[in-house]
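Colleague: After the sequence you'll find the predicted model.
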Amino acid sequence: MIRFILPALLLALSLPGFAQDAPKPAQPNADDPAIEARLVNLAEDLRCLVCQNESLAGSHAALAEDLRREIRAQMKAGKDDREVIAYLTDRYGDFVLYKPPFKPETWLLWLGPLAFLGIGVGAWVVALRRRGQETPAVDETRLAAAAQLLKEDQ
Amino acid sequence: MKRWLPLVLFLVLVGFFAKGLFLNPREVPSPFIGRTAPGFTLPLVGDASATFSPADMKGRVWLLNVWAPWCTSCRQEHPVLMQIAGSGRVPIVGLNWKDGDREAAALLARTGSPYVAVPDDVDGRVGIDYGVTGTPETYVIDQAGVVRLKHVGPINAEIWQQKFEPKLKELGA
């Protein structure tokens, strides 16, 4: 049975991969490939505000094209990546970043999983300790009776 | 007590998911609330020799409505804006965003204009400076030029009553 189920399952799991188009990079800009490489690299981690699950690098939305134009202009003006990101978060907030920054509002987001891991480990330790205490005390007379039975068997 | 713990945890999770399900992903919190509205100077639609700048509105509470002739939900919103403009409640400035086909003047002549001024943002740069993601978007800007409210999407009578009116009253307009 498993011989039929396993390939079917693997095939089913692989299908969503065909259904989605790979994100297309921004139109290459022939006059400065270095800036274009930086742009694509940076924009992969930025959210397109129109198609919110697309990156700014892959989106064909008009606003994404405008924002790439602005980023290109800033890079040509000598701004570094951090300044370009500040330009965007000043206008659109942290929502444009796929990796949210670590600050008081996002502590729960970043530290929450660690806290849950801690709770899990704590619960595990408590459970182990309890199980250790629960082993019943050895009853000497019943132990003797058992030994007697074993002796009789031989 | 111990028996109920999984149920309680489950209900807490359901609470979080329910909240997430009903959040509007378009309502991105604007970083502009409480900040001075970005300055700009743009030519006006219909009279390119005149310009508009937010500084012109100093001392008044006003609305900056970002719209475009190609935007269908802006047409939906248009009658509501006409009504607000007609009541004289608050002046509305209509930023004409990315009107590449130059249709704004003709459209406003045909349908009537609710705007006191229509600055022309052809390449969309001013829109980007205001963090616009799509039209229509409307900002309430106070006497000192500080952004107090941002609304994404068309305004209807209900949204006007529930979101804009209280804010305008608070600002003394």
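Modeller: Received it, and whenever you're ready, just let me know what you need.

Colleague: Show me which helix runs longest in chain A.
Modeller: helix A:107-134 (DSSP state H).

Colleague: What are the boundaries of the helices in chain B?
Modeller: Using DSSP H, the helices of chain B run over B:5-22, B:72-87, B:104-111, B:125-129, B:157-159, B:165-170.

Colleague: ok, now which ones touch residue B:132?
Modeller: B:66, B:97, B:124 (Cβ atoms under 8 Å, 6 or more residues apart in numbering or on different chains). All C-beta spots, glycine's among them, are computed from the backbone N, C-alpha and C.

Colleague: swap that for residue B:100, please
Modeller: Going by Cβ under 8 Å, 6+ apart, residue B:100 touches residue B:122.

Colleague: Can you get me a residue count around residue B:89?
Modeller: A count of nearby residues for residue B:89, using other Cβ atoms under 10 Å in any protein chain shown, gives 16.

Colleague: mind listing what it touches?
Modeller: So residue B:89 contacts B:168, B:173 (Cβ under 8 Å, 6+ apart).

Colleague: If we use 7 Å, what do you get?
Modeller: By Cβ atoms under 7 Å, 6 or more residues apart in numbering or on different chains, the contact list for residue B:89 is empty.

Colleague: can you check residue B:152 too?
Modeller: B:26-27, B:137 are the contacts of residue B:152 under Cβ under 7 Å, 6+ apart.

Colleague: What's the first helix or strand after the longest helix of chain A?
Modeller: Sequence-wise, the next helix or strand downstream of helix A:107-134 (DSSP states H and E) is helix A:140-153.

Colleague: which residues pair with the residue most central in space within chain B across the strands?
Modeller: For chain B, the residue nearest the mean C-alpha position is residue B:138 (0.9 Å; Cα atoms, centre = their mean). Per DSSP bridges, the residues bridged to residue B:138 are residue B:65, residue B:151.

Colleague: thinking again about what came up before, what is the nearest of the contacts of residue B:152 to chain A?
Modeller: Nearest to chain A among those is residue B:26, at 8.4 Å by Cβ to the nearest Cβ.

Colleague: Find the nearest non-adjacent residue to the most centrally placed residue in chain A, please.
Modeller: Closest residue to the average C-alpha location of chain A: residue A:99 at 9.9 Å, with Cα atoms, centre = their mean. Spatial nearest neighbour of residue A:99, chain neighbours left out: residue A:45 (6.1 Å); criterion: Cβ to Cβ, 6 or more residues apart in numbering or on different chains.

Colleague: That neighbour against residue A:100, yeah?
Modeller: No. The criterion here is Cβ atoms under 7 Å, and residue A:45 misses it with residue A:100 at 11.0 Å.

Colleague: Please verify my assumption that residue B:136 contacts residue B:154.
Modeller: Yes. Residue B:136 is within contact range of residue B:154, at 5.6 Å (criterion: Cβ under 7 Å).

Colleague: Could you pull out the residues contacting both of these two?
Modeller: Taking Cβ under 7 Å, 6+ apart as the contact rule, residue B:136 and residue B:154 both touch B:73, B:77.

Colleague: so what pLDDT did the residue nearest to the centre of chain A get?
Modeller: What the model reports for residue A:99 is a pLDDT of 87.

Colleague: Equivalent analysis for the one 5 residues further on, please.
Modeller: Per-residue pLDDT puts residue A:104 at 87.

Colleague: quick revisit: in JSON lines: the contacts of residue B:132, plus pLDDT.
Modeller: Putting the contacts of residue B:132 into JSON lines (pLDDT from 0 to 100) gives the following:
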{"residue": "B:66", "pLDDT": "96"}
{"residue": "B:97", "pLDDT": "95"}
{"residue": "B:124", "pLDDT": "91"}
